[in-house]
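Enquirer: quick one: sequence and predicted model below, then my questions.
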Amino acid sequence: MRPLMPLLVLALAAPIARGEPVLVDRPSLSERLRELANALAEVESRLPPPGAPMPFDHALADRLRAARATLDELQSALARAPMADVVGEGGAPSPAPQPPAPSLAPTLDGAGFASLLARVKGEHFSRGQLKVLREAATASRFLVAQAAELLPLFTFEADRVKALEILAPRIADRENGPRLYVLFEFPSSKREAQRLLAP
C-alpha cells in the first residue's frame, strides 16, 4: 500500500506545474495545502511497514477520499485562476477575453458523436482526452445533451471544467446550458460553468 503516497504527490504536482503564473488567494491556498499535507501525513502514519500485509481500513480510505476531494478542489481553483498578466487597476483581475464567435459549423451527428465518445474513452489520461475534444471542437458544434455525455468521462472535476471551456463556445443550444451544472460538485466549479455558459 505504500506506493499510494508518491502517486498522490504526483497527482498534486502534475496539474499545478503549468508554467504559467496565476493569481491566487495565498492564505486560502496555503490553508488548503496544509489540510492536504495533514491528511496525507495521517494516512502515511497509519500505513504498515513496507512488505507487511495491510487489512482494509475504512477510516484510512475516508481520509484518502477527503484528501482527493481537497486536491480536486485545489486543481479546479488553479485551473480557473486568472493569469497573472491580466491584472487590471487596483490589482483586480481584468475580465477574461471573450473567445472568438464560433463559426456556424454543423453540430455533430449521431455517428460522428459516437466516434468522438469512443476516441475520448480510448484515452487513458485527461491530457489525451482534452486533446481529442479540442480537435473535434475545431470543426464541429455540440448540443448540451452531447456535452452532458462527454463531461462525465473526465474523472477529475478540474478536467471537467477544462473540457467545458473547450465545449462552451461551440455549444449550439446554450439556452439549455443550465442542465450541465449538475455535473459539477464544487460550488466554485458550478460558478465557473455558469460563467462559461452565460449567453
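Expert: Here it is on my side, so go on. Just so we're clear, the structure is a prediction, and the values are computed from it rather than from any experiment.
Enquirer: how many neighbours does the residue nearest to residue 107 when sequence neighbours are not counted have?
Expert: Nearest in space to residue 107, with sequence neighbours left out and distances taken as Cβ to Cβ, 6 or more residues apart in numbering, is residue 141 at 4.7 Å. In this view, the C-beta of every residue, glycine as well, is placed from N, C-alpha and C. As a burial measure, the neighbour count of residue 141 was computed by other Cβ atoms under 10 Å and equals 19.
Enquirer: next, residue 141: phi, psi?
Expert: Taking degrees, to the nearest 10, you get phi -110, psi 170 for the backbone angles of residue 141.
Enquirer: correct me, but it touches residue 170?
Expert: Yes: A contact is recorded between residue 141 and residue 170 when judged using Cβ atoms under 8 Å, the distance being 4.9 Å.
Enquirer: measure residue 197 to residue 144 for me?
Expert: The spacing between residue 197 and residue 144, counted by Cβ to Cβ, to the nearest Å, is 9 Å.
Enquirer: neighbour-wise, which of those two wins?
Expert: Neighbour comparison, residue 197 and residue 144: the larger count goes to residue 197, with 21 against 18 (by other Cβ under 10 Å).
Enquirer: wait, doesn't that one sit right on residue 169?
Expert: No: with contact defined as Cβ under 8 Å, residue 197 does not count as touching residue 169 (10.0 Å).
Enquirer: before we move on, back to that, show me whatever sits in contact with both of residue 197 and residue 144.
Expert: Shared contacts of residue 197 and residue 144, defined by Cβ atoms under 8 Å, 6 or more residues apart in numbering, comprise 171, 174, 177, 180.
Enquirer: what's the closest of these to residue 34?
Expert: The shortest distance between residue 34 and any of the shared contacts of residue 197 and residue 144, using Cβ to Cβ, involves residue 180 and amounts to 32.7 Å.
Enquirer: phi and psi next, for the closest one.
Expert: Its backbone dihedrals place residue 180 at phi -80, psi -20, with angles given as degrees, to the nearest 10.
Enquirer: ok, it - contacts?
Expert: Shown here is residue 180, whose contacts under the criterion Cβ under 8 Å, 6+ apart are 144, 147-148, 151, 164, 193, 197.
Enquirer: 6 Å instead?
Expert: 147, 193 (Cβ atoms under 6 Å, 6 or more residues apart in numbering).
Enquirer: the one 3 residues further on now?
Expert: Contact analysis of residue 183 by Cβ under 6 Å, 6+ apart lists residue 151.
Enquirer: next one: it from residue 62, what distance?
Expert: 24 Å.
Enquirer: check contacts around residue 123.
Expert: For residue 123, the contact set (Cβ under 6 Å, 6+ apart) comprises residue 129.
Enquirer: per-residue pLDDT, it?
Expert: Each residue has a pLDDT score; the one for residue 123 is 94.
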